[in-house]
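>>> dropping a prediction and its sequence here:
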Amino acid sequence: PAGMKGVKVYANDLNPESYKWLKENVRLNKVSHRVECFNLDGREFVKDITKSILSTGQQLYNVVTMNLPAIAIEFLDVFKNLYPPTFTKDQMPRIHCYCFARGETPEELRKDALDRVEGVLGHKIVKVDVHNVRNVAPKKEMLCLSFDLPCVIGCRRTCNEEESDTKSKNTRERTEVGSKKRAENPSSPAPPVDSSDSNMKRRKTAAST
């Protein structure tokens with residue numbers, strides 16, 4: 001579906017038979033020019049296409065769909081330190097990770113899934129959208145957790161560096177606005193500068209595993 005909407009797609013399936021029919025579906029839907037098919041291990045797939053895209057200077061994928069609920073969470077560790085340290089949070093992909101969760105309430109289901117995701121990634125995920133896909137069995141649901149990959153996980157940047165990027169941007173915006181106002185009214189005072197920041201210096205693609 002994504003390929004038919006004009007999105008560049010990298011699709012992967014480890015099962016040879018599934019891979020065969022993946023390619024056939026791509027052919028039948030006439031989206032071979034937009035959808036590239038792979039028959040690799042999930043981790044190998046993510047590492048290879050990321051390295052390949054970055055080496056050629058092409059636009060990197062901005063959405064990752066991990067739709068095998070039984071084991072998708074286990075593969076999240078592939079995103080740890082995967083991207084260049086110069087990447088910003090705006091360049092990090094949004095991940096949709098399907099999984100099974102156990103619990104009696106939505107809160108218990110969310111906690112069960114999120115605890116496992118954060119355990120694999122080794123870091124807290126502050127903002128997560130949780131979608132209940134379907135009931136599997138008593139006290140067992142299939143969920144989809146959607147979140148933006150933090151820079152602290154994806155490219156070795158610390159939380160403080162991410163916050164500093166935001167502060168620096170805000171300071172620059174305030175300075176630009178102040179400069180414009182002073183140009184219009186030279187007598188107006190200059191805006192205060194945050195000394196803590198004074199020395200601080202999505203694209204339509206998707207990957208599916």
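Happy to help now that I have it.

>>> from now on I want contacts and neighbour counts done on CA atoms only, so please keep to that.
Fine.

>>> so Leu143 is in which element?
Leu143 belongs to strand 140-148 when assigned by DSSP states H and E.

>>> for the helix or strand just after that strand, packing partners?
Sequence order places helix 151-154 as the next helix or strand after strand 140-148, per DSSP H and E. Helices and strands touching helix 151-154, as assessed by 3 or more C-alpha pairs under 8 Å, 6 or more residues apart in numbering; DSSP states H and E, comprise helix 159-184.

>>> give me the contacts around the strand holding Leu143.
Here strand 140-148 makes contact (C-alpha atoms under 8 Å, 6 or more residues apart in numbering) with 69, 92-103, 109, 114, 125, 127-136.

>>> mind listing which of those residues are in strands?
Counted as lying in strands by DSSP state E, out of the contacts of strand 140-148, are 94-102, 129-136.

>>> and those, which of them are buried?
Among those, those scoring as buried are 94-102, 130, 132 (criterion: 16 or more other C-alpha atoms under 10 Å).

>>> what is the mean pLDDT for stretch 6-16?
Averaged over stretch 6-16, pLDDT sits at 96.

>>> hmm, back to that, want to try a markdown table for the buried ones among the ones in strands among the contacts of strand 140-148, with distance to Asn15 and pLDDT as columns?
As requested, these are exported to a markdown table (distance: C-alpha to C-alpha, whole Å; pLDDT from 0 to 100):
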| residue | distance to Asn15 | pLDDT |
| --- | --- | --- |
| Arg94 | 25 | 98 |
| Ile95 | 22 | 98 |
| His96 | 21 | 98 |
| Cys97 | 19 | 98 |
| Tyr98 | 18 | 98 |
| Cys99 | 19 | 98 |
| Phe100 | 21 | 98 |
| Ala101 | 25 | 98 |
| Arg102 | 28 | 97 |
| Val130 | 28 | 97 |
| Asn132 | 27 | 97 |
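
>>> can you list the residues you listed in TSV and add distance to Thr56?
Output for these, formatted as TSV (distance: C-alpha to C-alpha, whole Å):
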residue	distance to Thr56
Arg94	22
Ile95	23
His96	26
Cys97	27
Tyr98	30
Cys99	33
Phe100	37
Ala101	39
Arg102	43
Val130	35
Asn132	38
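
>>> thank you kindly, that will do.
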